[in-house]
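Enquirer: Here is a sequence together with a model predicted from it:
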Amino acid sequence: MRNLNLDQLQTLVAIADLGTFAAAAQALHLAPPTVSLHIKELESRLDAVLVVRGRRQAELTPAGQALVEGGRRLLAASDELADRVRRRAAGREGVVRVGVSAGVSTRLLPLMLQALHRRAPGVEVRLEAVGSADAMARLQTGTLDVAIVASPQTAAPQVQVRPWRNDPMVALLPGHWDAPETVTPQWLAGCRWASFAPATQMHGLIAGWFGRAGLYPRPYLTLSYPGALKSLAAASQSAAILPLEEVLDMPQVSGPGDGPGQRPGSAAPAVQVRHLDPPLMRPMALAFRELPAPDVAVAHVLDMLGDFAD
């Protein structure tokens, strides 16, 4: 059997997305008979009916649905390959796919990307928000090149993991709360507090902090992103435990030396930051694929990330 024709596959995907042969023809700048021919040749090649034409809408058969689902991945891989060739031909070094877990500071990310641009302007980083466990799996399958993950991680074939950062965690509190100088598990357990979603390692880290004090309080709410947790505290809805790096750039923040919620001579801050007692640290690691030959672009990214290690 001959290989699939990507142009014909693109036509089928366009019909699936736009609903009609005519709309697909217009979007792809093809004559309507060409669209019909593409589908006819696909169906002949696969010996399967892919599309049923209705009066107003074209509907995919189960076989057509299966081809569209896999076809999207093929077309994306084709685009990525073509982009890689164009970059190499132009003397640029390549694209590195980096997975970032929810616990990575949104303050650090722009700084890291700026540092990479200064170091290697020909390298493009494509960031993807992905949990640590999923990132490790995707490194094995080759759909990620580098990942910033929670530590520790289970060893995986053909994936290296090295320690990266060990950041302190802090309590982020609404500005009007009468908060102590340091926050203990006993004090926070009696408050309204929000946490990371149970599927994240950050959730387990925080639960362990309470657990070592003999406590197992239920959070008021669980969310997947640090920005949402910060918004809750700023809106006086709940407290949250976050990495210190995540709250350093927040406006209207008071710290332990500013008193319980108000700076002298100023309006009450939106939020307060308090250190934890006992301290809680968030360890992070860099995970990356072991390649048979060095990849210059990946090496630049790893070197840049190494500059931000603690």
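Expert: Here it is on my side, so go on.
Enquirer: so residue 281 makes contact with residue 169?
Expert: Yes: counting by CB atoms under 8 Å, a contact exists between residue 281 and residue 169, whose distance comes to 6.8 Å. Using the backbone N, CA and C atoms, a C-beta is placed for each residue, glycine as well.
Enquirer: where along this structure do the strands fall?
Expert: 51-53, 58-60, 94-100, 123-129, 146-150, 159-174, 182-183, 193-196, 221-223, 239-243, 253-254, 271-276, 281-289 (DSSP state E).
Enquirer: what's the closest of these to residue 18?
Expert: For residue 18, the closest of the strands of the chain is strand 58-60, at 8.9 Å, according to CB to CB.
Enquirer: Packing partners of the closest one?
Expert: helix 6-18, strand 51-53 (3 or more CB pairs under 8 Å, 6 or more residues apart in numbering; DSSP states H and E).
Enquirer: Just give the closest residue to residue 30, not the sequence neighbours.
Expert: In space, residue 30 comes closest to residue 11 once its chain neighbours are excluded; the distance is 7.2 Å by CB to CB, 6 or more residues apart in numbering.
Enquirer: Could you dump the strands of the chain into JSON lines and include distance to residue 7, mean neighbour count and mean pLDDT?
Expert: Listed next are the strands of the chain as JSON lines, based on distance: least, CB to CB, whole Å; neighbours: other CB atoms under 10 Å; pLDDT from 0 to 100:
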{"stretch": "strand 51-53", "distance to residue 7": "16", "mean neighbour count": "15", "mean pLDDT": "91"}
{"stretch": "strand 58-60", "distance to residue 7": "18", "mean neighbour count": "17", "mean pLDDT": "93"}
{"stretch": "strand 94-100", "distance to residue 7": "24", "mean neighbour count": "21", "mean pLDDT": "89"}
{"stretch": "strand 123-129", "distance to residue 7": "25", "mean neighbour count": "16", "mean pLDDT": "89"}
{"stretch": "strand 146-150", "distance to residue 7": "33", "mean neighbour count": "25", "mean pLDDT": "93"}
{"stretch": "strand 159-174", "distance to residue 7": "36", "mean neighbour count": "20", "mean pLDDT": "94"}
{"stretch": "strand 182-183", "distance to residue 7": "61", "mean neighbour count": "20", "mean pLDDT": "96"}
{"stretch": "strand 193-196", "distance to residue 7": "45", "mean neighbour count": "24", "mean pLDDT": "94"}
{"stretch": "strand 221-223", "distance to residue 7": "43", "mean neighbour count": "16", "mean pLDDT": "92"}
{"stretch": "strand 239-243", "distance to residue 7": "48", "mean neighbour count": "26", "mean pLDDT": "94"}
{"stretch": "strand 253-254", "distance to residue 7": "55", "mean neighbour count": "20", "mean pLDDT": "62"}
{"stretch": "strand 271-276", "distance to residue 7": "54", "mean neighbour count": "22", "mean pLDDT": "95"}
{"stretch": "strand 281-289", "distance to residue 7": "32", "mean neighbour count": "20", "mean pLDDT": "93"}
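Enquirer: Same list (the ones you listed) but as TSV, adding distance to residue 300.
Expert: Putting those into TSV (distance: least, CB to CB, whole Å) gives the following:
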stretch	distance to residue 300
strand 51-53	46
strand 58-60	43
strand 94-100	8
strand 123-129	5
strand 146-150	11
strand 159-174	16
strand 182-183	40
strand 193-196	31
strand 221-223	34
strand 239-243	25
strand 253-254	34
strand 271-276	34
strand 281-289	12
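Enquirer: now the helices for the protein?
Expert: In the chain, the segments counted as helices under DSSP state H are 6-18, 21-28, 32-46, 62-89, 108-119, 132-141, 185-189, 201-211, 226-234, 244-247, 296-307.
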